[in-house]
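**Q** Coordinates only, no sequence provided:
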């Protein structure tokens, strides 16, 4: 039987930082969400201005909206 010997070895470990990657992905997601929300807002304003132009003004538009909701058109 032979005796086992324990030896001490120096081991170097490398740690890769993933923190910056996560925060950059959150930034991209926030920018894309804001861009889509802005696009929907612009589209809504265009549709509302088109409705104002096709009717005789905001009062007629409100009457048409009320009539469409109640079914009395």
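**A** Done, it's in. Because the structure is a prediction, the values reported are computed rather than measured.

**Q** Please make it C-alpha for all contacts and neighbour counts, starting now.
**A** Will do.

**Q** Low-confidence ranges, the protein, go.
**A** Across the chain, the ranges flagged by pLDDT under 70 are 1-6, 15-21, 73.

**Q** And the helices in this structure, which stretches?
**A** All helices of the chain, identified by DSSP state H, fall at 19-54, 58-70.

**Q** packing partners for the first one?
**A** Packed against helix 19-54, as judged by 3 or more CA pairs under 8 Å, 6 or more residues apart in numbering; DSSP states H and E, are the following elements: helix 58-70.

**Q** separation between the residue most central in space within the chain and residue 26?
**A** Closest residue to the average C-alpha location of the chain: residue 33 at 2.1 Å, with CA atoms, centre = their mean. From residue 33 over to residue 26 the distance is 10 Å, taken as CA to CA, to the nearest Å.

**Q** Next: residue 43.
**A** Applying CA to CA, the value for residue 43 to residue 26 is 26 Å.

**Q** Check residue 52 too.
**A** For residue 52, the distance to residue 26 - CA to CA - is 39 Å.

**Q** Between the two, point out the one with more neighbours.
**A** Shown here are residue 52 and residue 26; by other CA atoms under 10 Å, residue 52 has more neighbours (16 against 12).

**Q** contacting residues around residue 31?
**A** Residues near residue 31 by CA atoms under 8 Å, 6 or more residues apart in numbering: none.

**Q** mind running it again at 10 Å?
**A** Neighbouring residues of residue 31 by CA atoms under 10 Å, 6 or more residues apart in numbering: 25, 37.

**Q** Ok, residue 41 next?
**A** Residue 41 makes contact with 35, 47, according to CA under 10 Å, 6+ apart.
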